[in-house]
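>>> Generate coordinates for the sequence data below:
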Amino acid sequence: MSAQRNRRVLHVTTGLKFGGVETLLLDILPMFQQQNWDVELICLRFGELIPLFQRRGFSPLCLDAKKGDPRTILRLKREIDAFAPDVVHLHLFETETLTSLALLGSAIPQIVTRHNPET
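Sure thing, here's the model as predicted:
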């Protein structure tokens, strides 16, 4: 009998700069781990908070994506396939759009949080 693997959650955000999304992620990522979830974080672009995430034990994967570059969708798909998450949590409109395209045809559920719906 094989050991059951932890559930996996992938969070995707635009970047790790100072802001509400990043504060939320710093709060909730450890909570997922405490509940025996494997956690992965992808950001489209670099940000000054990456060292803080690293000090807290997370290794954000930053794609250094350029706005409007369709290769970002392919890169997201590769990373999603490699991690094989049970659920993907998308933060902010840009990641919602790109990651939803990367997940086309996939049965992986998506949670979308629109932190700034008026912008």
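>>> tell me the mean pLDDT over the longest helix anywhere in the chain?
Counting by DSSP state H, the longest helix found in the chain is helix 20-34. Average pLDDT, helix 20-34: 93.
>>> Do a quick rundown of the helices in the chain.
Counting by DSSP H, the helices of the chain are 20-34, 50-55, 71-83, 93-102.
>>> Between helix 93-102 and the first one, find me the angle.
Between the axis of helix 20-34 and that of helix 93-102 there is an angle of 50 degrees, by axes from the mean of the first three to the mean of the last three CA atoms, to 10 degrees.
>>> related to what we said a few turns ago, distance from the chain centre to the longest helix of the chain, please.
Relative to its chain's centre, helix 20-34 lies at 11 Å (CA atoms, centre = their mean, to the nearest Å).
>>> Equivalent analysis for stretch 65-78, please.
The answer for stretch 65-78 is 14 Å, by CA atoms, centre = their mean.
>>> Run through who's touching it.
Stretch 65-78 is contacted by residues 12, 42, 44-45, 63, 94, 98-99, 101-103 when judged by CB atoms under 8 Å, 6 or more residues apart in numbering. (Each C-beta comes from the backbone N, C-alpha and C, glycine too.)
>>> That one spans what distance, first to last residue?
Length of stretch 65-78, first residue to last, CA to CA, to the nearest Å: 14 Å.
>>> what does stretch 85-101 give?
16 Å.
>>> Now that stretch: average pLDDT?
Mean per-residue pLDDT for stretch 85-101: 94.
>>> related to what we said a few turns ago, report the buried residues of the longest helix of the chain.
Across helix 20-34, burial judged by 16 or more other CB atoms under 10 Å covers 21-22, 25, 29, 32.
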